[in-house]
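Trainee: Quick one: sequence and predicted model below, then my questions.
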Amino acid sequence: MVIHLGLLLLWLAGVWTAAGESPFIVVFIDSKTEETVGPFPLNRSVLAKGIQQLKRDRARGVVLKFFFDQPKDAGDDAALAEAIAGLPVLLQARLDDAEPKPNPFPERFVLKTTPAADPSGLAGRSGWIPLPCFSARARDIGFVDLTRPDCVPVVEFYRGRAVKSLSLCALELALNEQAHVVPGRSFRLHGLHLRHR
């Protein structure tokens, strides 16, 4: 199930215009940032410090647009896992059937619904799944695969089961509301109700 990106952005603009402002702040890593905190990919201890500061600033949550499927320095991994524990943090995953040993995907992130046929084609048996030390503390894990640049997936299928896209996870966090999704049939969130035909 996918939503056309232009329609989604129009709907979001209406939601957040009524609310007064967008709940998102986007942080990009540029060359100036790398001069200050080190080269990309950022050390996980740097990310941990950033999340700790966001906790102090009372952020509603964090979306980490990085893959954390491989271990790095044990101390840095532990620091990031600890930071994730105290704030709603969303992590990303992706489908990749060439990945020979994916990390386990926690059952709590599987959608509890009976899916219809998958019209999106976003399905796989393996992938880049966050390390268990991060998954255990995350608020949610969303997949980031695309089949078209003008559409945003709502759900994907991992090992035959419906899972959320990172876009859907971020919307739920921003709106503080759980979406009602029946893959291949319907999607409902914050007054937006779509039916698949």
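Mentor: Arrived safely, thanks for sending.
Trainee: what's the residue nearest the centre of the chain in contact with, if anything?
Mentor: In the chain, the residue lying closest to the centroid (Cα atoms, centre = their mean) is residue 166, at 2.9 Å. Residue 166 makes contacts with 63, 65, 90, 92, 142, 143, 144, as judged by Cβ atoms under 8 Å, 6 or more residues apart in numbering. Yep, even glycine has a C-beta here, placed from its N, CA and C like the rest.
Trainee: can you map out the helices along the protein?
Mentor: Along the chain, counting by DSSP state H, helices occupy 5-19, 31-37, 44-56, 74-85, 132-135, 166-175.
Trainee: So which of those helices is the most surrounded?
Mentor: Highest mean neighbour count among those (mean count of other Cβ atoms under 10 Å): helix 166-175, with a mean of 22.
Trainee: so how far is that helix off the chain centroid?
Mentor: 8 Å (Cα atoms, centre = their mean, to the nearest Å).
Trainee: One more: stretch 145-156?
Mentor: On Cα atoms, centre = their mean, the centre of stretch 145-156 falls 13 Å from that of its chain.
Trainee: picking up where we left off before, so which of the helices of the chain comes closest to residue 112?
Mentor: Within those, the stretch nearest residue 112 is helix 166-175; the backing value is 14.4 Å (Cβ to Cβ).
Trainee: What pLDDT does the model give the spatially closest residue to residue 52 that is not a sequence neighbour?
Mentor: Leaving out its chain neighbours, the residue that sits closest to residue 52 by Cβ to Cβ, 6 or more residues apart in numbering is residue 83, at 5.4 Å. Predicted confidence (pLDDT) for residue 83: 96.
Trainee: swap in residue 86?
Mentor: Listed pLDDT for residue 86 reads 84.
Trainee: ok, it - contacts?
Mentor: For residue 86, the contact set (Cβ under 8 Å, 6+ apart) comprises residue 55.
Trainee: Can you pull the phi/psi pair for it?
Mentor: The phi/psi pair for residue 86 (degrees, to the nearest 10) reads phi -100, psi 10.
Trainee: returning to what we had before: looking at it, the residue nearest to residue 52 is touching residue 51, isn't it?
Mentor: Yes - with contact defined as Cβ atoms under 8 Å, residue 83 reaches residue 51; the gap is 4.0 Å.
Trainee: Next, show the common contact partners of the two.
Mentor: Common neighbours of residue 83 and residue 51 (Cβ under 8 Å, 6+ apart) do not exist.
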